[in-house]
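> have a look at this prediction, sequence included:
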Amino acid sequence: MPEAEVVYSDVKFARGKKGANEAVTPSTDSTYSEIKISKTQPSTAELSDSPQQAVVSKGSKVTSERVVLVVLSVLLAAALIALCFTTFDKSRTNQELENLKLKKTKCESNLTETLSKIKSCSTVQPTCPGSTVVDDPCYKCEEGWEQDGGKCYYFSISKSSWKQSRDECRAKEGDLVKIDSREEQTFLERRLRDVMTRDEDKFWIGLTDSAVEGRWVWVDGSLLDQSLKFWSGNEPDNWKGRNGEHPDGEDCARMGAKGGADDLKCWFDAFCSKPQRSICEKSEVKGQFKKCDFTALYSRWFYVSEEQHFAMAVSSGRVIVDDEQQTFLERRMRNIMNEDDKFWIRLTDSAVEGRYLWVDGSPLCKRLDF
């Protein structure tokens, strides 16, 4: 730092005079020679730098505070934005909930209206318009009996001896079955495949040689036709038991093969006292039914579901009982069916597989098997 010099010139200092009472001394003047006093002063650069440093220090402090303030402002803005979005989402969710409630109310209202319309439909089957009683062209079987080839068949569930089984068939106004043709044997053999629970679960038929050994006779007294014998393998073998406990041998015939029989041969002789199921047989009977104007009937009582294109014909008796009704329904179906649509009729074999019955309990007439 440069030094500044101060120069003082010769300076004379005169002493003052004392009072009168004081002794007078010769005055003496003091002279000071030139004096230099060096004084250190800050440089111009330093003088100029110091304020700048102060300003920089102050500015640095101010800038940090601003950064903190900006960050806090940004965080506050983000929080406000998040709060706004949350509020908006909640509002939208509440609105959607209200919309769903409105839809639910509307659906319930529509359902109530639809149900009221359905309930308004009468569940009572209407009577046939203009009906007349005519002879039924079809032969029928009683409930529980199966129809085939002009005969009615009953396949028992319980087991009993051959004689007791025959008594039970007679109590039903029939008798143990007599097989008169290959077609009848075919029907029975195939039907037993379905009703048998296991291979030993065979059925008594009305054939026996209990009167004369080897002379097989049907229950109606007729001899077995030698061209209509369906004995299996080496049957009949008249087995008398392992220890001969059945001296009379096997004198009664039973039939059935759960897995099917070669050439329909499924007859076996057995001890007549052995409990077995049985096949009863009797003739068909004719009946009567009410004939209607079915064009008017089905025009009034035919219902088609709009949603499923699914229909059911409803009548006071059986749905299809003659050619006229079948023709009417078949033509009607052409107009309302899609390619894969089918329609329920009141015919089922849910009780016994293969034995189709109308809902009034009457069997399907083979002449009207469409």
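Nice, I can see it.
> wait, residue 162 sits on residue 275?
No. At 9.6 Å, residue 162 and residue 275 do not qualify as touching, with contact defined as C-beta atoms under 8 Å. The way it works is simple: take the backbone N, C-alpha and C, and place the C-beta from them, glycine included.
> neighbour-wise, which of the two wins?
Each of residue 162 and residue 275 has its neighbours counted (other C-beta atoms under 10 Å); residue 162 has more, 26 against 12.
> for that one, give its distance to residue 229.
Here the criterion is C-beta to C-beta, to the nearest Å. By it, residue 162 lies 19 Å from residue 229.
> where in the stretch 1-150 of the chain is pLDDT low?
Low-confidence segments of the stretch 1-150 of the chain (pLDDT under 70): 1-62, 115-139.
> 90 - rerun?
1-74, 77-80, 82-144, 147-150 (pLDDT under 90).
> the stretch 201-350 of the chain too?
Checking the stretch 201-350 of the chain against pLDDT under 90 turns up 244, 284-350.
> mind jotting down where the helices sit in it?
In the stretch 201-350 of the chain, the helices defined using DSSP state H, counting those that start in this stretch lie at 294-301, 323-336.
> which parts of the stretch 151-300 of the chain are strands?
151-155, 175-176, 203-208, 217-218, 252-255, 267-270, 277-283, 285-291 (DSSP state E, counting those that start in this stretch).
> paired strands for the second one, with orientation please.
It stands for strand 175-176. strand 277-283 (antiparallel) (DSSP bridges).
> any idea how far residue 77 is from residue 63?
Distance from residue 63 to residue 77, by C-beta to C-beta: 21 Å.
> no, scratch that, I was asking about residue 108
47 Å.
> could you do residue 233 as well?
100 Å.
> secondary structure class for residue 68?
helix (DSSP: H, G, I helix; E, B strand; the rest coil).
> ok, residue 88 next?
helix.
> and it, how many neighbours?
Using other C-beta under 10 Å: residue 88 sits among 10 other residues.
> now swap in residue 357 and tell me
Residue 357: 22 neighbours (other C-beta under 10 Å).
> correct me, but it touches residue 346?
No. Using C-beta under 8 Å, residue 357 is not in contact with residue 346, being 9.4 Å away.
> buried residues in stretch 342-359?
Burial within stretch 342-359, assessed by neighbour count using 16 or more other C-beta atoms under 10 Å, is assigned to 343, 345-346, 355-358.
> cool, thanks, talk later.
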